[in-house]
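In: I'd like to go over a predicted model; first the sequence, then the structure.
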Amino acid sequence: MSYEKPNLKNKYFSDVFNKLPSMEGKTVAITGTTSGTGFVAAQACGKLGARVLLLNRPSKRADAALTDLQTQNSNAGFTQVDCDLQSFSSVREAAKNLHSLCPEGLDVLCNNAGVMALEDIATADGFDVQMQTNHLSHFLLTKLCFDLLEKAANARGEARIVNHSSIARKQVKNLEPAYLQKNGGNLGGNGASMFFSGGRWVRYGQTKLANAAFTACLHEKLQAKGSKVRALVAHPGLAETDLQSTTVKDGGMGEWFTKQLMKMGQSREDGALGILSCIAHPDARSGQFFGPGMGGMFTALKGPVRGYPLEVSYDNPTTRSLLWTNSCAAVGEDFKI
C-alpha cells in the first residue's frame, strides 16, 4: 500500500518567520526532527541563530536530516542527541547528554515527536506505544531537564517548554488513567475508524489530550512558584507530514481516505507555525495554546496561527491531578517544581 503526499503550498510561513527575532545565544532541544514539523522548526531555529539539539532515535533518517540541516545552514550549530522515546532508559541517557551539552542551561525544550494511530502494542517498558512516545517519555525528559531550563531562565530572563498536541484531543471526552498505566497491548484493539471510536484513534486522542493537560499542569505549577520558565502548547492543524504515510502503512488509515482528507490540509511549514510561535515569538505567554483555531476536526484544519487560552476540558483540577499523579508513577519520578 502506498500513499503520496499532496505537496501542499505554503501560505503563512514566510510572513510569520520573517517577523521572529534573533535567537542567537540560545539553545533549543527538539524531539522528532527527521521530518515534518520538527524538521521545519529545527531549520527555522537554526536560521534565527540558535544552537539546535536534535533528539531522534538513531537511524539513517536521523543522519540524513542532520546532514541536510547542516548543509542548508552552514553557520548554524546542529547536534544529534540519540533519544528513543519508546525507551525510558534511552530518554534518561539523552537527558544526561543534554546536561553535558548545556552547561549554561537550555532555553527551549520542544516536545514535538509523535506517532499516530499505531497498533495496540506495548513498549518494552509496558506502556502503550503511542502514550509512551507522545507523552510519558516527554514528561520524563522534561523532569530530568527542568534544572537546565531554570538555569537558562535565571541567566537570560526566560525559558520555554513547548508541547505538541493535536485536533485529535477533541476526539476523547476525558483523560482516562488506564492509558497512562502499564496496559500496553490491552487498550481497545486495532479498530481504525477515526470517527467511530476505533481503538487506534482513541489511544491517539488520549495522548494528545495528555499533551495539553501536561501543559496546563506545568503552567499552574510554574505560576505558583513564580518561575521564569513558560509552558506552552501548539497543534499543527491538518499538516502534511510523514505521520500520514506511517499511519497508512501501519493500517491506521485507508489510502483513498487519506488522500481525500489531506486535500483539506496545509503544508508542513504552515503546520509548524504553532510550535515555532511557542518557541520563538516574543509575545508568547505561559499557558497559551497556538494553532489555526481551537475547534474540532473540521474547524481548525488550517489557517493563520493565533494564541488561545487553555481549555477547561483539561485545564481543571481533576484532570491536572490525574495526569500528574499517573505520569509520575509511570516514569518512576517525583516531578516537583
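Out: Noted; the coordinates are in hand.

In: tell me where the stretch 51-200 of the chain has strands.
Out: 51-56, 77-82, 108-111, 159-164 (DSSP state E, counting those that start in this stretch).

In: just name the most buried of those strands.
Out: Compared across the strands of the stretch 51-200 of the chain, strand 108-111 shows the largest average neighbour count, a mean of 29 (mean count of other C-beta atoms under 10 Å). Every residue, glycine included, has its C-beta placed from N, CA and C.

In: can you pull the contacts of residue 173?
Out: Contact analysis of residue 173 by C-beta atoms under 8 Å, 6 or more residues apart in numbering lists residue 313.

In: what's the burial count for the spatially closest residue to residue 265 that is not a sequence neighbour?
Out: In this structure, residue 265 finds its nearest non-sequential neighbour in residue 238, 3.8 Å apart by C-beta to C-beta, 6 or more residues apart in numbering. When neighbours are defined as other C-beta atoms under 10 Å, residue 238 has 23 of them.

In: wait, residue 238 touches residue 302, no?
Out: Yes: the criterion here is C-beta atoms under 8 Å, and residue 238 meets it with residue 302 at 6.3 Å.

In: show me where the chain has its helices.
Out: Assigned by DSSP state H, the chain shows helices spanning 13-17, 36-47, 60-72, 88-101, 129-131, 137-156, 199-225, 242-250, 255-262, 268-271, 273-280, 317-331.

In: so which of the ones you listed comes closest to residue 290?
Out: Of all these, helix 273-280 sits nearest to residue 290, with 4.4 Å by C-beta to C-beta.

In: other SSEs contacting the closest one?
Out: If contacts are counted by 3 or more C-beta pairs under 8 Å, 6 or more residues apart in numbering; DSSP states H and E, helix 273-280 sits against helix 13-17, helix 36-47, strand 108-111, strand 159-164, strand 229-234, strand 288-291.

In: can you do 7 Å?
Out: The contact analysis (3 or more C-beta pairs under 7 Å, 6 or more residues apart in numbering; DSSP states H and E) places helix 273-280 against helix 36-47, strand 108-111, strand 159-164, strand 229-234, strand 288-291.

In: residues making contact with stretch 184-197?
Out: Contacts to stretch 184-197, defined as C-beta atoms under 7 Å, 6 or more residues apart in numbering, come from residues 117, 119-123, 126-129, 178-179, 198-203, 251-253.

In: endpoints of it, how far apart?
Out: The first residue of stretch 184-197 is 18 Å away from its last residue (C-alpha to C-alpha, to the nearest Å).

In: list the contacts for the residue most central in space within the chain?
Out: Centroid check for the chain by C-alpha atoms, centre = their mean gives residue 112 as the closest residue, at 2.5 Å. Residues near residue 112 by C-beta under 7 Å, 6+ apart: 30-32, 37-38, 41, 164, 275.

In: go again with 8 Å.
Out: 30-33, 37-38, 41, 162, 164, 275.

In: ok so, going back, let's have the strands of the stretch 51-200 of the chain in a markdown table, adding distance to residue 285 and mean pLDDT.
Out: Shown next, in a markdown table, are those (distance: least, C-beta to C-beta, whole Å; pLDDT from 0 to 100):
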| stretch | distance to residue 285 | mean pLDDT |
| --- | --- | --- |
| strand 51-56 | 23 | 98 |
| strand 77-82 | 28 | 97 |
| strand 108-111 | 15 | 99 |
| strand 159-164 | 10 | 98 |
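
In: having no further points to raise, I will conclude here.
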